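Undergrad: model this:
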Amino acid sequence: MENKPFWETAYSDLKVSAFSKGPTADVEDHFRIFPSNANVLDVGCGEGRNSVFMAKLGNRVDAFDISAAGIEKARQIAEMEKVSIRFFVCDLADFVFEKPYDIILSHGVLHLPYKETRDSFIRRMQENTTPGGINVIGIFTNRLPATPDNAPFTHSLFDVGELPAKYTGWELLYHAEGTFRDSHPGGIHHEHAYERIIARKPR
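TA: Numbering: from 1, shown residues only. Down below sits the predicted model:
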């Protein structure tokens, strides 16, 4: 698919997972410290791997992605898993918060828009997180350059340490930084530099 990111192809195929099945590792490992019976927002949800997991825990989940194919696939997966999630197509830059959330998730997304857009969105995420609520964020850093196929869509790799610094005053419950290799359908292989945090807003 020319001029489209590789994940669009996998989003169009219900038989494969664009990234991997199940929730991201930080969500799976630390969900017990999350607020329960929560209002959850999944930003850039893709196929809904974290959305479905959080809904299965009994949370009320809103989830959006810029990819219509991703949202359609997420809806089908949620239906198969028998969970109710409010999925919708939206560009992060255009999203309007209509209510506060107890948990806001964003994985593999915030390094894609331009810096001004993603920094503004992080501020709005923080403002619209309930006191005692958490933000769970995973981004790519410039410890490594964007892979050639991702580079046209990656407009603001974070500096190492930039993400946790934006959460000064919040309680940092989890922090990891480093590199990893992954594989995707179609024989696509990548190496990325990442940083992940789970931060709790002061009450």
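
Undergrad: Show the contacting residues for Leu173.
TA: 30, 33, 134, 198-200 (Cβ atoms under 8 Å, 6 or more residues apart in numbering). All C-beta atoms are positioned from the backbone trio N, CA, C, and that covers glycine.

Undergrad: Helices of this structure, residue ranges please.
TA: 7-11, 25-30, 49-56, 68-80, 115-127, 162-165 (DSSP state H).

Undergrad: What residues sit buried inside the last one?
TA: Residues of helix 162-165 classed as buried under the neighbour-count rule (16 or more other Cβ atoms under 10 Å) are 162-164.

Undergrad: What is the burial count for Arg203?
TA: Other residues near Arg203 number 8, with proximity taken as other Cβ atoms under 10 Å.

Undergrad: what residues are up against it?
TA: Applying Cβ under 8 Å, 6+ apart, the residues near Arg203 are 131-132.

Undergrad: Okay, it and His107: tell me how far apart.
TA: Look at Arg203 and His107: by Cβ to Cβ, to the nearest Å, they are 25 Å apart.

Undergrad: mind checking pLDDT for the closest residue to Asp26 other than its chain neighbours?
TA: Excluding its sequence neighbours, the residue lying closest to Asp26 (Cβ to Cβ, 6 or more residues apart in numbering) is Arg196, at 5.3 Å. Here the pLDDT value assigned to Arg196 is 97.

Undergrad: can you check Met80 too?
TA: So Met80 comes in at 92 (pLDDT).

Undergrad: do you know how far it is from Ala55?
TA: Taken as Cβ to Cβ, the span from Met80 to Ala55 is 13 Å.

Undergrad: Between these two, which is the more surrounded one?
TA: Neighbour totals were compared for Met80 and Ala55, and Ala55 leads with 22 against 10 (other Cβ under 10 Å).

Undergrad: Now for the residue lying closest to the more buried one once chain neighbours are set aside: which residues touch it?
TA: Leaving aside its sequence neighbours, Ala55 sits nearest to Val83 (Cβ to Cβ, 6+ apart; 3.9 Å). Contacts for Val83 (Cβ under 8 Å, 6+ apart) come out as 52, 55-56.

Undergrad: what do you get for Gly133?
TA: Contacts of Gly133 by Cβ under 8 Å, 6+ apart are 35, 38, 100-104, 200-201.

Undergrad: Thanks again, I'm all set now.
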